[in-house]
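>>> Here is my input, please return the structure:
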Amino acid sequence: MCGFVGIRRLAGFTPDQPQKLGDALDAIRHRGPDSKGQIETPWLLMGHVRLSIIDLTSAANQPMLDHSGRYVLVFNGEIYNYRELAERYLADDAALNKYSDTAILLAMYKKFGRDCLSYLDGMFAFVVADLQEKTLFLARDRFGEKPLYVLLASGTFAFASEISALKRLLPNFHFDIDPVSLAIYHVVCSIPAPYTIYKNVRSLRPAHWMEVDASGDIREGSYWSLEKAIATHANTLMPSYGDALEHCRQLLLCATRSRMISDVPVGVFLSGGLDSGSILSLLNSQSYESLDALCIDFPEQRFSEYRLAEATAIAFDVRLHRSVVTPESFMEHLDDFFSVSDQPTMDGFNTYFVSMHGRALGIKVWLSGVGGDELFGGYPSFQRIGNIRRLSRLLQIALPSTVADRWAGVFPYHLKMSRLLHLSLNGDPVKRAYQGLRNPIPRSNMLRGLSIAHTVLNSDFMGILDGLYPSTGYCRDDFQRASAMEGGVYMAAQLLRDIDNFSMAHSIETRAPFLNHELFEFVFSLPQRIKEHGGKKKSLLTAALPRPLPHMVMNQPKRGFTFPIEAWLKTHMEKSFREYVLDGRMGLFWDIPLLQRMWDRHLKGNLHWSIPWGYYAFAKWWASHRE
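Just a heads-up that it's a prediction; the model follows:
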């Protein structure tokens, strides 16, 4: 787990443009405090900082050159099946360091080129430079666990694990806010790839590669998707429930076992829910001993999951560490939270605080239950998307979009009405249904708050927004549709981005066993009747566990792991809200008088807290990052 930054000098590059690679590496030193390296040629600058997890020796440091000196690699992440790859495909290479997943990755690229991606089980973003042909190859893992940002301007092609590194690498470049991306943030709560909050900076999409040839021409493509995976297995005989259950169990065991590969200790982030508890059950059955688990707790009892986490820890004989986040400690770290956030987000506090306390325990690697809800159906969207999809189809026939837009202006912050009207907008009913379920601010409400709305309206905003959501035409049922949407938008753009950002800010690595692609493909392909056998949510997951979870954990109602933002926003953050959000300088982005009225409605209990919170989160972030 590491960070990298580099720049490819293209035609038109002028030597007087400063590139400060050392400063850029310092900006991401938190991602890799254990070692630092760089390489420079007339056309390429590339640097790397390393968090040593697999092969702790200097032989695994980066940038890594192959034996011939032709190829050089910078890599962030882990290749969990590197031992199997070495044995199956690279056994005849006697000089290869088979203890290093980085060395195996470079050797696989040399042997298979772009096709090496299909062999990898892992989370990764990497860049390979061909020093002979003067080309670059960039790639990102299937689900988007590891980030990769690119910038093309002024005769340069720059790339990095964090935008902060690009800023330090190119100190004279102006990183201007992209109005369309700001609008996307307010609607989606995050900014999905390929967009970022800045103009000229783009995020490589999950499961995508990019090639830059010697002349600077760029090609990009996808190497994996759920649709392609399902099509590959289309002719496979559908298993019975019993066969599906057993195969799911074996895949779960394999996925957790592979995520335990490490030369340093591994812990488990434990909430009171099914997903993280399931990971402990799977580890316990494989005789992993002396495990540490960490639970974040709150003084507010309705947000506390400690009793549930404690019951799970006792059942599976692990050491449970408890860290309490009070309103005072939350406010103490709030500025740092926004400062280390590479892009604005409305979430991520859970990862920030659990990572901070996890690092304080001296453990570099932690397992997370992310992906369990998206795969096995833990969100309300899995039960509701079908009915809302059908309602959207009817409303699109009965209510023209122009009429819906006019009515939305009559109900500026009546969110239920606005979401209902949003369903009538022309487009894919599945996407409209998911947007209505997930987006805190419908499009019409967002436009009313933006002072730069005219810029957004001049773009095909709905076309751009719809393009961020995956197609679900290949899905056989509403369970699959919800799973594809949750995994492709909420998980990829918000959960995984925040997990990488805030765990690496504290120099730790977070791994997700549920994101083993073979497991994800298999469970995703199963019909809903198998995944919800007996009409119970997540029944396939809980039945597949080798050892059952405690009764009180199994029978609790579904709730997300959330912070008490709603209560703290009105109390501990009210003064700060007025200082940052209602600041006249924010008129560059927002209609300040409208936001004042919005805040007054919230204080009276007439507006959901997520609306003002979204504006506050951006204002605090911008205050930390504006130039």
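>>> ok, residues contacting the helix or strand harbouring residue 329?
Assigned by DSSP states H and E, residue 329 falls within helix 327-340. With contact meaning C-beta atoms under 8 Å, 6 or more residues apart in numbering, helix 327-340 is reached by 30, 299, 348-349, 352-353, 356, 501-502, 505, 563-564, 568, 571-573, 576, 617, 620-621, 623-625. C-beta coordinates here come from the backbone N, C-alpha and C atoms, glycine included.
>>> Pull the distance from that helix to the chain's centre.
21 Å (C-alpha atoms, centre = their mean, to the nearest Å).
>>> For it, the averaged confidence score.
Average pLDDT, helix 327-340: 94.
>>> who's in contact with the closest residue to residue 97 other than its chain neighbours?
Using C-beta to C-beta, 6 or more residues apart in numbering and skipping residues adjacent in sequence, the residue nearest residue 97 is residue 103, 4.2 Å away. Residues near residue 103 by C-beta under 8 Å, 6+ apart: 59, 60, 64, 96, 97.
>>> Among those residues, which one sits closest to residue 613?
Proximity of those to residue 613 (C-beta to C-beta) peaks at residue 60, which lies at 42.2 Å.
>>> on that earlier part again, give me the PyMOL select line for the contacts of helix 327-340, limited to the buried ones.
Buried subset of the contacts of helix 327-340, written as a PyMOL selection, criterion 16 or more other C-beta atoms under 10 Å:
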select buried, resi 30+348+349+352+353+356+501+502+505+563+564+568+572+573+576+617+620+621+623+625
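>>> Of the contacts of helix 327-340, which belong to strands?
Taking DSSP state E, every one of the contacts of helix 327-340 sits outside strands.
>>> Tell me how many other residues surround the closest residue to residue 588 other than its chain neighbours.
Closest residue in space to residue 588, ignoring its immediate chain neighbours: residue 451 at 7.1 Å, by C-beta to C-beta, 6+ apart. When neighbours are counted by other C-beta atoms under 10 Å, residue 451 registers 15.
>>> Read off the pLDDT value for residue 451.
Note on residue 451: pLDDT of 77.
>>> which residues touch it?
Applying C-beta under 8 Å, 6+ apart, the residues near residue 451 are 587, 588, 589, 590, 591.
>>> same deal with residue 166?
Applying C-beta under 8 Å, 6+ apart, the residues near residue 166 are 5, 24, 149, 151, 158, 160, 173, 175, 201.
>>> Residue 399 against residue 424, yeah?
Yes. Residue 399 lies in contact with residue 424 (C-beta atoms under 8 Å); the separation is 4.1 Å.
>>> which of these two has more neighbours?
The neighbour count for residue 399 versus residue 424, taken as other C-beta under 10 Å, is higher for residue 424 (23 against 16).
>>> Quick check: the more buried one touching residue 395?
Yes. Residue 424 is within contact range of residue 395, at 3.8 Å (criterion: C-beta under 8 Å).
>>> circling back: so how far is residue 580 from the residue nearest to residue 588?
Using C-beta to C-beta, to the nearest Å, residue 451 is found at 16 Å from residue 580.
>>> before we move on, what about residue 366?
Distance, residue 366 to residue 580, by C-beta to C-beta: 32 Å.
>>> higher neighbour count, the two?
Higher neighbour count among residue 366 and residue 580: residue 366, with 24 against 21, using other C-beta under 10 Å.
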